[in-house]
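A.B. asks: model this:
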Amino acid sequence: MLLGSVIAYLVLTVLIGYIASRKVKTSGDFMLAGRSLPILLSSSALFATWFGSETVFGASSEFLKGGLYAVIEDPFGAALCLFLFGMFFARKLYNMNLLTLGDFFEVRYGKKTELVASFFLAPPYVGYIAAQLVAMGLILNVITGLEVWQGVIISAFVVTFYTYIGGMWAISITDFIQSIIIIAGMAALAYVLAKEAGGVSVVLSEVHPENFRFLPKPEWKEVTTYLAAWSVLGLGSIPSQDVFQRSMSSGSANTAVRSCYYAAILYLTVAMLPLFISLCTKHLYPNQIQGDTQLALPNMVLQHTGLAVQILFFGSLLSAIMSTTSSAILAPAAIFSENLVRPLLSEKLTDKQMLLLTRISVLLFSAIATAMACMRSNIYELVGESSVLSLVTLFASLVLGLYWKKASGAGAMLSMFAGFFTWVMMEFFVVSDIPSLIPATMMSLFALIGGSLYWKNKEIHEQ
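C.D. replies: Numbers count the residues shown, from 1 in each chain. The predicted structure is shown next:
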């Protein structure tokens, strides 16, 4: 009964996406929903950026292991990203009327910088997509008993089809519906479990005070690790096509800004529910959290709740992850087709050809991510790794490109390579207590400033 209900739910979700896809007439519709989303659709789309596997499975698993201090990266860092993007980036980027974030580097620094930036923009999404596929594989494993890798392949087929036909219009509409359902499902589950445990106060009273620690101890190593945790998503996801395309799909610059704020507040609030649910699981069913803690929540729901709650939980969770995955696949596909392939072609493509190229790119990135998902299984690690590369290569170029007129294309390229190679050296060859992303990001910033002052770029277009 549960399996049949989940299948029906997914089919209905795909059907909604298919109907919405009829609005897709151009590549702009496919990538940015025609820049016409109202505040509700725009906010829900931004809220759904990360509310999927890493929030429900990854963060709750890490929270059980290390308390609030272990989940600084997500949800707190993720909410910080949305807030900062709305405050400092959304309006400026929206007014530039760009199709992809890669276009910013072309307009601001020149075509050569666009190509280099695009190589750093697209690949990080592979790990993020893989994380979502792993999550869906875990869910199907719990419901049907399939091996996780088998669930990954089935999920990849479904979500790739959905992404291929839908584009941003379909993603935005389903995001709105699915956001309502996932919030209702999480809230209902939290209420049922809290009531069964004897109340919220009973659950919280059993938590060791150390698990509520939010600030680092005054030690150099811990402070740098703490700052790095905030930065992975908080800063690393700012120069990302995913956040960009969801924000730029808004109907106006004001809508884009306000949507970021609303989504940040909503995300941080709702993301507390899986953390609380994990505490209830630990209180009520301590044996349930043995082994892979990523499976603690779905196993508990399956074994200790009624059919109605199971249907609501698994159906809404799967659809939310599908939506997150769909957008994550679309993001690198848009960069790859618009900023890597198109500039290298001798003949100019028609809009219809660009739309086809983007859809083919969807298939490419989905295939690569599926292979990675079959080899890796830690959701939280996959998501974190997917954001570090953007932080150490692109963050400085985006920030100074918007706020410092002297930033040049030569300085931007030097910044990208300096950040990347510093990160590789610190991550794999140098033993240090400092997280590798901190010196890599600083090197990227210094290289951009020094390179821009030394090499002035004639290709800069003033904004």
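A.B. asks: Give me the below-cutoff pLDDT ranges for the stretch 51-200 of the chain.
C.D. replies: Within the stretch 51-200 of the chain, the stretches with pLDDT under 70 are 53-54, 57.
A.B. asks: Next: the stretch 301-450 of the chain.
C.D. replies: Looking at the stretch 301-450 of the chain by pLDDT under 70, you get 376-387.
A.B. asks: Now do the helices in it.
C.D. replies: Under the criterion DSSP state H, counting those that start in this stretch, the stretch 301-450 of the chain contains helices at 307-335, 342-344, 351-375, 379-403, 409-428, 437-454.
A.B. asks: Run through the neighbouring helices and strands of the shortest one.
C.D. replies: What that stands for is helix 342-344. Contact here means 3 or more CB pairs under 8 Å, 6 or more residues apart in numbering; DSSP states H and E; on that basis helix 342-344 packs against helix 111-121. In short, each C-beta sits where N, CA and C put it, glycine included.
A.B. asks: With the last one instead?
C.D. replies: Helix 437-454 sits against helix 220-234, helix 379-403, helix 409-428, with contacts defined as 3+ CB pairs under 8 Å, 6+ apart.
A.B. asks: The shortest one vs helix 437-454, what angle?
C.D. replies: Per axes from the mean of the first three to the mean of the last three CA atoms, to 10 degrees, the angle that helix 220-234 makes with helix 437-454 is 70 degrees.
A.B. asks: what's next to helix 220-234, contact-wise?
C.D. replies: Helix 220-234 is contacted from outside by 50, 69, 72-74, 76-78, 80-81, 84, 215-216, 383-384, 387-388, 391, 433-435, 437-438, 441, using CB atoms under 8 Å, 6 or more residues apart in numbering.
A.B. asks: Not counting sequence-adjacent ones, nearest residue to residue 357?
C.D. replies: residue 337 (4.4 Å; CB to CB, 6 or more residues apart in numbering).
A.B. asks: Contacts only, for the one you found.
C.D. replies: 354, 357-358, 360-361.
A.B. asks: can you check residue 216 too?
C.D. replies: Applying CB under 8 Å, 6+ apart to residue 216 gives the contacts 69, 222-223, 225-226.
A.B. asks: again with residue 344
C.D. replies: The neighbourhood of residue 344, defined by CB under 8 Å, 6+ apart, consists of residue 115.
A.B. asks: Equivalent analysis for residue 390, please.
C.D. replies: Residue 390 is in contact with 120-121, 124, 236-237, 239-240, counting by CB under 8 Å, 6+ apart.
A.B. asks: ok so residue 51 is a strand residue?
C.D. replies: No: going by DSSP: H, G, I helix; E, B strand; the rest coil, the assignment for residue 51 is coil, not a strand.
A.B. asks: give me phi/psi at it?
C.D. replies: Main-chain torsions, residue 51, degrees, to the nearest 10: phi -80, psi 90.
A.B. asks: State the number of residues packed around it.
C.D. replies: When neighbours are defined as other CB atoms under 10 Å, residue 51 has 30 of them.
A.B. asks: if we can go back for a sec, dump the contacts of residue 337 to JSON lines, plus distance to residue 171 and neighbour count.
C.D. replies: As requested, the contacts of residue 337 are arranged in JSON lines below (distance: CB to CB, whole Å; neighbours: other CB atoms under 10 Å):
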{"residue": "354", "distance to residue 171": "18", "neighbour count": "22"}
{"residue": "357", "distance to residue 171": "19", "neighbour count": "19"}
{"residue": "358", "distance to residue 171": "14", "neighbour count": "23"}
{"residue": "360", "distance to residue 171": "18", "neighbour count": "14"}
{"residue": "361", "distance to residue 171": "16", "neighbour count": "22"}
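A.B. asks: Now that we have the residues you listed, can you turn them into TSV and tack on distance to residue 415?
C.D. replies: TSV is the format used below for the contacts of residue 337 (distance: CB to CB, whole Å):
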residue	distance to residue 415
354	29
357	29
358	28
360	31
361	26
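A.B. asks: And those residues, which is closest to residue 21?
C.D. replies: Proximity of those to residue 21 (CB to CB) peaks at residue 358, which lies at 13.3 Å.
A.B. asks: Quick check: the closest one touching residue 27?
C.D. replies: Yes: with contact defined as CB atoms under 8 Å, residue 358 reaches residue 27; the gap is 6.2 Å.
A.B. asks: what touches both of those two?
C.D. replies: Common neighbours of residue 358 and residue 27 (CB under 8 Å, 6+ apart) are residue 338.
A.B. asks: so which of the helices and strands packed on helix 437-454 is the most packed in?
C.D. replies: Among these, helix 379-403 has the highest mean neighbour count (mean count of other CB atoms under 10 Å), at a mean of 24.
A.B. asks: in the helix or strand harbouring residue 63, what's buried?
C.D. replies: Here residue 63, judged by DSSP states H and E, is contained in helix 60-66. Neighbour counts over helix 60-66 (16 or more other CB atoms under 10 Å) mark 60-64 as buried.
A.B. asks: now stretch 433-451
C.D. replies: Within stretch 433-451, judged by 16+ other CB under 10 Å, the buried ones are 435-441, 443-445, 447-449, 451.
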